[in-house]
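Asks: give me a 3D structure for the following:
(2 chains)
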Amino acid sequence: MNLDFSFFSWAVASSFIAKGLIFSIQLTLIAMLGGIALGTLLALMRLSGKRWLVMPAAFYVNTLRSIPLVMVILWFFLLIPLLIGRPMGAELSAIITFTVFEAAYYSEIMRAGIQSVPKGQVYAGYAVGMSYGQTMQLVVLPQAFRNMLPVLLTQTIILFQDTSLVYAIGAYDLLKGFEVAGKNFNRPVETYLVATVVYFVICFSLSMTVRKLQNKIAIIR
Amino acid sequence: MANWDWQVFCKNTIDGEVIPRCLGSGGDISYLDWMLSAWGWTLSVALLALVVALLLGSLMGILRTVPHKGLVLLGNAWTELFRNIPLLVQVFLWYHVLPALVPVLKGLPSFVLVVFALGFFTSARIAEQVKAGIQSLPKGQRYAGLAMGFTLPQTYRYVLLPMAFRIVIPPLTSESMNIIKNSAVAFAVSIAELTMFAMQAQEETSRGIEIYLAVSGLYFISAFTINRIALAIEHRVQVPGMIGGSK
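Replies: So this is what the prediction gives:
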């Protein structure tokens, strides 16, 4: 079979691909920020030692981690319209789903991060008269974030890869952009190949950056 | 949530009539029948892919630790390649692209292609863990093996790998549970597995919540079972005297 990439022009990229790429990046960034915020809250709940906080947080995290992401995407696409009483677009539904889903994974990372901070730091916070909230905010969390930064970013690369799964509800992401372009020009083989290269370049360069960052942080510690 | 309708699983998939004993017979298929067969597909895809992933992943992980630059490079390139492309894209590569480029693959059923896609994807992650496991052993073990007159393959076979594999059982366990969850992407190439069943049955019956609950439950049971089996293996092979070994 002959490969023919000649149809692939700047016009094709900007009309089909750019829209999808922008959504994929948007989805990744929103889910990352929202997921880390919600995940940190869940991690604090699990480490609070209070049963009524630990139980719901543990249930949340364990449930979401035991179901495939595709199923979670389908669940939310089904449930959100039932709860709010009107249909919701696939893109918005995907943003909510990914934020909620990734929070479960980020919370496990943050839990490990908080536990990696020596106990003495907490006692030191209390000793200088800080409240629990102040100790967490000013002493523990900054160190936890710093220790876990490479892991948080690696999870974000996985999150970016997983955004392709919005395929299940037909949202228009990067992969969908390539698929639509492939169908329009009747060149699915070439477009999937280009899609592979694009995803690889993005993810590979991001993971190289994370690795460099990791070495940088490791020296200072 | 007031009106559950679990009877949906007893309905005939063709005419929607409730089948008396829930499991269809003589050509009639209830949604329960369909779901159980979908579960079978999920398990088949996941377990076969796990075999592929364990074989390739171990091989590549070992290559990344041998004193030979070319082989290390091969192992590293393999890992980076299959780790940095989304699984769904890899599934499409195997399904849409490779058969067009390599005519031999054209005759293969999509089930086999998905097994390879999932297996290769997971092999990169397993290679990472096997490599870490081998590197976590003291260097002296390798030297001791070579000093005893073992060849390099013998050193791996009798000295390094028996310890390394025991060390990586916990991360391999979570990878095996991931492969069950990741097998859900097979829906994208129309394998009749659980997620595909969930999507289609939801559309046909409009009883999405009941169907999704059942499917999610089956995923949970599958992953949990793998977890228990792995734990049993871990206990069976543990070395006395090591941390995590028996007392």
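Asks: what's the residue closest to the geometric middle of chain B?
Replies: residue B:179 (3.1 Å; C-alpha atoms, centre = their mean).
Asks: test my guess that that residue contacts residue B:49.
Replies: Yes: applying C-beta atoms under 8 Å as the test, residue B:179 and residue B:49 come out as touching, 5.8 Å apart. C-beta: built from backbone N, CA, C; applies to glycine.
Asks: give me the common contacts of those two.
Replies: B:118, B:122 (C-beta atoms under 8 Å, 6 or more residues apart in numbering or on different chains).
Asks: which bits of chain B sit near chain A?
Replies: Residues of chain B lying near chain A by C-beta under 8 Å from any C-beta of the partner chain: B:80-81, B:83-90, B:92-93, B:96-97, B:100-101, B:180-185, B:187-188, B:195, B:198-199, B:202, B:208-209, B:212, B:215-216, B:219-220, B:223-224.
Asks: can you report phi and psi for residue B:18?
Replies: Note on residue B:18: its backbone torsions stand at phi -70, psi 130 [degrees, to the nearest 10].
Asks: what's the distance between it and chain A?
Replies: Residue B:18 is 23 Å from chain A, where distance means C-beta to the nearest C-beta, to the nearest Å.
Asks: and the pLDDT at the residue nearest to that residue when sequence neighbours are not counted?
Replies: Closest residue in space to residue B:18, ignoring its immediate chain neighbours: residue B:10 at 5.1 Å, by C-beta to C-beta, 6 or more residues apart in numbering or on different chains. If you check residue B:10, the pLDDT there is 81.
Asks: contacts only, for residue B:10.
Replies: B:18, B:19, B:22, B:30, B:31, B:32.
Asks: residues near the nearest residue to residue B:166 once chain neighbours are set aside, how many?
Replies: What sits nearest to residue B:166 in space, not counting adjacent residues and going by C-beta to C-beta, 6+ apart, is residue B:237, at 5.7 Å. Around residue B:237 there are 12 other residues, counting by other C-beta atoms under 10 Å in any protein chain shown.
Asks: do the same with residue B:206
Replies: When neighbours are counted by other C-beta under 10 Å, residue B:206 comes out with 11.
Asks: okay, it: pLDDT?
Replies: Residue B:206 carries a pLDDT value of 83.
Asks: tell me the contacts of residue A:204?
Replies: By C-beta under 8 Å, 6+ apart, the contact set of residue A:204 is B:80, B:84.
Asks: element containing it?
Replies: Assigned by DSSP states H and E, residue A:204 belongs to helix A:188-220.
Asks: identify each buried residue in that helix, please.
Replies: For helix A:188-220, a neighbour-count test (16 or more other C-beta atoms under 10 Å in any protein chain shown) marks A:188-196, A:198-200, A:202-204, A:206-207, A:210 as buried.
Asks: ok, back up a step: how about the residue nearest to residue B:166, phi and psi?
Replies: Phi and psi for residue B:237, reported as degrees, to the nearest 10, are phi -100, psi 0.
Asks: so it versus residue B:192, what's the distance?
Replies: With the distance defined as C-beta to C-beta, to the nearest Å, residue B:237 ends up 36 Å from residue B:192.
Asks: one more: residue B:100?
Replies: According to C-beta to C-beta, residue B:100 and residue B:192 sit 24 Å apart.
Asks: same question for residue A:2.
Replies: 34 Å.
Asks: residue A:132: neighbour count?
Replies: 13.
Asks: wait, I meant residue A:129
Replies: Neighbours of residue A:129 (other C-beta under 10 Å): 7.
Asks: pLDDT score for residue B:88?
Replies: pLDDT, residue B:88: 95.
Asks: what's the answer for the one 3 residues further on, then?
Replies: For residue B:91, the model assigns a pLDDT of 95.
Asks: what is the helix or strand harbouring it packed up against?
Replies: Assigned by DSSP H and E, residue B:91 falls within helix B:87-92. Applying 3 or more C-beta pairs under 8 Å, 6 or more residues apart in numbering or on different chains; DSSP states H and E, one finds that helix B:87-92 makes contact with helix A:174-184, helix A:188-220, helix B:110-135.
Asks: list the buried residues in stretch B:12-21.
Replies: B:13, B:19.
Asks: and the contacts of it?
Replies: With contact meaning C-beta under 8 Å, 6+ apart, stretch B:12-21 is reached by B:7, B:10, B:11, B:24, B:28, B:29, B:30, B:31, B:33, B:34, B:204, B:205.
Asks: identify, from those, the entry nearest to chain A.
Replies: Taking C-beta to the nearest C-beta as the measure, chain A lies nearest residue B:205 of these, at 12.5 Å.
Asks: low-scoring stretches of the chain, by residue?
Replies: Just so you know, I chose chain A. Within chain A, the ranges that satisfy pLDDT under 70 run A:1, A:218-221.
Asks: oops, chain B please
Replies: Low-confidence segments of chain B (pLDDT under 70): B:1-2, B:241-247.
Asks: thanks a lot, catch you later.
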